[in-house]
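Undergrad: got a predicted structure plus its sequence, pasted below:
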Amino acid sequence: MCIGIPMQVERVETGYVLCRGRGEQRRISTLLVGPCQPGDWLLTFLDDARERIDAGRAAEINEVLDMLQQALGGHGSNAVADFVLPSSMSTAELSASLSGQSTPLNESPP
(Lines give C-alpha, C1' and ligand atoms only; values in the text may rest on other atoms or scores of the structure.)
Protein backbone atom coordinates (compact mmCIF):
# COMPACT_ATOMS: atom_id res chain seq x y z
CA MET A 1 0.00 0.00 0.00
CA CYS A 2 1.21 3.48 -0.81
CA ILE A 3 0.25 6.39 1.44
CA GLY A 4 0.18 9.97 0.21
CA ILE A 5 2.16 12.42 2.29
CA PRO A 6 1.39 16.15 2.20
CA MET A 7 4.54 18.20 1.72
CA GLN A 8 5.13 21.93 1.34
CA VAL A 9 7.42 23.29 -1.36
CA GLU A 10 10.50 25.08 -0.01
CA ARG A 11 12.65 25.45 -3.13
CA VAL A 12 12.03 24.99 -6.85
CA GLU A 13 14.46 23.21 -9.19
CA THR A 14 13.98 22.27 -12.84
CA GLY A 15 11.48 19.38 -12.80
CA TYR A 16 11.75 19.00 -9.04
CA VAL A 17 11.02 20.77 -5.78
CA LEU A 18 12.58 20.49 -2.36
CA CYS A 19 9.72 19.84 0.08
CA ARG A 20 9.29 19.46 3.81
CA GLY A 21 6.59 17.46 5.56
CA ARG A 22 6.07 15.13 8.52
CA GLY A 23 9.54 15.85 9.87
CA GLU A 24 11.54 15.17 6.74
CA GLN A 25 12.79 16.93 3.65
CA ARG A 26 12.66 15.33 0.20
CA ARG A 27 13.36 16.09 -3.44
CA ILE A 28 10.04 15.56 -5.25
CA SER A 29 9.41 15.21 -8.98
CA THR A 30 6.80 17.65 -10.35
CA LEU A 31 6.35 15.93 -13.71
CA LEU A 32 2.67 15.18 -13.02
CA VAL A 33 1.67 18.53 -11.48
CA GLY A 34 3.69 21.07 -13.45
CA PRO A 35 5.45 24.18 -12.17
CA CYS A 36 5.24 24.96 -8.44
CA GLN A 37 6.07 27.87 -6.19
CA PRO A 38 7.53 27.94 -2.66
CA GLY A 39 4.66 27.58 -0.20
CA ASP A 40 2.57 25.29 -2.44
CA TRP A 41 1.24 22.07 -0.90
CA LEU A 42 1.56 18.78 -2.76
CA LEU A 43 0.28 15.30 -2.06
CA THR A 44 3.32 13.09 -2.67
CA PHE A 45 3.71 9.37 -3.27
CA LEU A 46 7.18 7.78 -3.43
CA ASP A 47 8.93 11.10 -4.18
CA ASP A 48 6.47 12.11 -6.92
CA ALA A 49 3.91 14.89 -6.57
CA ARG A 50 0.53 13.53 -7.68
CA GLU A 51 -1.82 16.33 -6.69
CA ARG A 52 -1.86 19.97 -5.64
CA ILE A 53 -3.73 20.47 -2.37
CA ASP A 54 -4.46 23.43 -0.12
CA ALA A 55 -3.19 23.92 3.44
CA GLY A 56 -6.53 22.82 4.90
CA ARG A 57 -6.47 19.51 3.05
CA ALA A 58 -2.82 18.99 4.05
CA ALA A 59 -3.74 19.50 7.72
CA GLU A 60 -6.66 17.07 7.37
CA ILE A 61 -4.44 14.37 5.86
CA ASN A 62 -1.73 14.95 8.49
CA GLU A 63 -4.32 14.56 11.26
CA VAL A 64 -5.44 11.23 9.82
CA LEU A 65 -1.81 10.08 9.44
CA ASP A 66 -1.14 11.06 13.07
CA MET A 67 -4.12 9.01 14.24
CA LEU A 68 -3.03 6.06 12.11
CA GLN A 69 0.47 6.26 13.58
CA GLN A 70 -0.98 6.36 17.11
CA ALA A 71 -3.28 3.40 16.42
CA LEU A 72 -0.46 1.33 14.91
CA GLY A 73 1.69 2.12 17.94
CA GLY A 74 -1.03 0.96 20.32
CA HIS A 75 -1.74 4.48 21.54
CA GLY A 76 -5.15 4.88 19.89
CA SER A 77 -8.11 6.42 21.65
CA ASN A 78 -11.84 6.74 21.18
CA ALA A 79 -11.12 9.91 19.18
CA VAL A 80 -10.06 7.71 16.27
CA ALA A 81 -13.44 5.95 16.19
CA ASP A 82 -15.32 9.27 16.35
CA PHE A 83 -13.24 11.08 13.75
CA VAL A 84 -14.94 12.24 10.54
CA LEU A 85 -13.08 14.03 7.77
CA PRO A 86 -14.40 17.59 7.43
CA SER A 87 -14.49 17.14 3.65
CA SER A 88 -17.06 14.33 4.05
CA MET A 89 -19.39 16.39 6.29
CA SER A 90 -22.48 18.18 5.07
CA THR A 91 -22.51 21.96 5.37
CA ALA A 92 -24.83 21.69 8.40
CA GLU A 93 -22.59 19.11 10.11
CA LEU A 94 -19.47 21.18 9.48
CA SER A 95 -21.16 24.36 10.72
CA ALA A 96 -22.37 22.59 13.88
CA SER A 97 -18.92 21.12 14.50
CA LEU A 98 -17.15 24.46 14.05
CA SER A 99 -19.62 26.24 16.35
CA GLY A 100 -19.15 23.62 19.08
CA GLN A 101 -22.61 22.10 18.74
CA SER A 102 -23.04 18.36 18.79
CA THR A 103 -24.97 17.05 15.78
CA PRO A 104 -25.20 13.30 15.20
CA LEU A 105 -24.02 12.41 11.70
CA ASN A 106 -27.24 10.57 10.83
CA GLU A 107 -29.47 13.37 11.97
CA SER A 108 -30.19 16.78 10.47
CA PRO A 109 -29.65 19.79 12.72
CA PRO A 110 -32.78 21.71 13.78
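TA: Received it, and whenever you're ready, just let me know what you need.
Undergrad: can you tell me what sits against the longest strand belonging to the chain?
TA: Determined from DSSP state E, the single longest strand within the chain is strand 5-13. Here strand 5-13 makes contact (C-beta atoms under 8 Å, 6 or more residues apart in numbering) with 17-22, 25-28, 35-45, 53, 57-58, 61-62, 65. All C-beta spots, glycine's among them, are computed from the backbone N, C-alpha and C.
Undergrad: ok, 7 Å please
TA: Residues outside strand 5-13 that contact it (C-beta atoms under 7 Å, 6 or more residues apart in numbering): 17-22, 26, 28, 36-44, 53, 58, 61-62.
Undergrad: likewise stretch 56-63?
TA: Residues external to stretch 56-63 that are found in contact with it (C-beta under 7 Å, 6+ apart): 4, 6, 22, 41, 85-87.
Undergrad: run the last query once more with 10 Å
TA: 3-8, 21-22, 41-43, 51, 53-54, 83, 85-87 (C-beta atoms under 10 Å, 6 or more residues apart in numbering).
Undergrad: nothing else from me, thank you.
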